[in-house]
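Would you be able to build a 3D model of this:
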Amino acid sequence: MKAFIGIDTSCYTTSLCLVDAKFRVLADVRKVLQVPVGKRGLSQSNMVYQHTRNLPELFERLRPLFKQYAVAGIGVTNQPRRNEHSYMPAFLAGLGYGRSLSALLGIPLYTISHQENHVLAAMRSLGAVWEEPFFALHVSGGTTELIRFLRQSAVWQATCIGGTSDVSAGQFIDRIGVALGFSFPAGVHVEQEALAEREAVKGDVVFFKDGYISFSGPESQVQREIKKGRHPHAYYCKWTLVTVWNGLVRLLETALAQGMTRLVAVGGVMSNRYIRSQMEAFCQQRGIQLVLAPPGYSSDNSAGAAFWAAWQERG
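Down below sits the predicted model:
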């Protein structure tokens, strides 16, 4: 039986995934990179170091499956986005493993961007890759972008038509979470705390111009409020999520104005239940076909890369 490996070494997670020829996940192993308490990120050198340590451990965890399945292809992320200026050393760790395994086993290697990996992780649930143009909203700790995808041969042409002009939605959430005393990454803690706030919270107005939103103003405001301690943590957490949604709505309206009928929404922030529910309601009301990654596959993973390798095998 054939299987296909996906490898992703992103800013904060080392990921391996194994899928079969029918795109079913056989194994999904990940290890979150360790960030010191009170810090809001890692240097690229530290990311590469931790990925280099994590990859052998994750491959060893897949060893029993390698005895049952013949690996027929490898998908690996090699850059943040698909363009010549997109580069990040963290992806070299996974790319090196992918190239080495491809040469050793004599099997094809397929490289995709981290962003495409997220999109494909969602499309795996469809069991197909869209040929027609579509829009994608990538909302994570490092990225908030609205992209128009157009399939060209074996790859996509990705055109960014909107996003943030400063911090990403994920950074905004993480910075507020760390200010409240939560460990980094703080998204899960902010979500849990926000559920405790039963009162309606409006959030802040998010500045928008020419397709781009800005979270720096709301962040400065809430950081000052947190220091004054006027509200409980639950209020600030719910305020933060509502503010994020207020900004994302402006991006979705931009896509609607450009003829959006299908949307893939991906990235770690899309694992947030409040944001997901708001996105589903927005698209349902406007007749937009929405594809979200299955639970657990919105955050960094390598299922998209594995799916892409398996899809390429089909020719």
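
So which residues of the stretch 51-200 of the chain form strands?
With strands called from DSSP state E, counting those that start in this stretch, the stretch 51-200 of the chain shows them at 70-77, 109-112, 134-139, 144-152, 155-164.

Residue 273 is nearest to which of these?
For residue 273, the closest of the strands of the stretch 51-200 of the chain is strand 134-139, at 14.0 Å, according to CB to CB. To be clear about C-beta, it is placed using only N, CA and C from the backbone, and glycine gets the same treatment.

how about whatever helix or strand residue 274 lives in as PDB, C-alpha atoms only?
Taking DSSP states H and E as the criterion, the element that holds residue 274 is helix 273-286. Extracted in PDB, the C-alpha atoms of helix 273-286 (Å, rounded to 0.1, in the frame of the first residue of the first chain):
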ATOM      1  CA  ARG A 273     -14.600  28.800  17.500                       C
ATOM      2  CA  TYR A 274     -15.900  32.400  17.600                       C
ATOM      3  CA  ILE A 275     -14.100  33.400  14.400                       C
ATOM      4  CA  ARG A 276     -15.200  30.200  12.700                       C
ATOM      5  CA  SER A 277     -18.900  30.600  13.600                       C
ATOM      6  CA  GLN A 278     -18.900  34.200  12.500                       C
ATOM      7  CA  MET A 279     -17.200  33.200   9.200                       C
ATOM      8  CA  GLU A 280     -19.800  30.500   8.600                       C
ATOM      9  CA  ALA A 281     -22.700  32.800   9.300                       C
ATOM     10  CA  PHE A 282     -21.300  35.500   7.000                       C
ATOM     11  CA  CYS A 283     -20.800  33.200   4.100                       C
ATOM     12  CA  GLN A 284     -24.100  31.400   4.500                       C
ATOM     13  CA  GLN A 285     -26.000  34.700   4.400                       C
ATOM     14  CA  ARG A 286     -24.200  35.800   1.200                       C
END
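
picking up where we left off before, of the strands of the stretch 51-200 of the chain, which stretch is the most buried?
Highest mean neighbour count of the strands of the stretch 51-200 of the chain: strand 134-139, a mean of 25 (counted as mean count of other CB atoms under 10 Å).

hmm, back to that, identify each buried residue in the helix holding residue 274, please.
274-276, 278-279, 282-283 (16 or more other CB atoms under 10 Å).

Would you format the residues you listed as a markdown table with distance to residue 293 included?
As requested, these are exported to a markdown table (distance: CB to CB, whole Å):
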| residue | distance to residue 293 |
| --- | --- |
| 274 | 16 |
| 275 | 13 |
| 276 | 10 |
| 278 | 16 |
| 279 | 12 |
| 282 | 17 |
| 283 | 15 |
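
ok, those residues vs residue 80, which is closest?
Using CB to CB, residue 275 is the member of those that sits closest to residue 80, with 21.5 Å.
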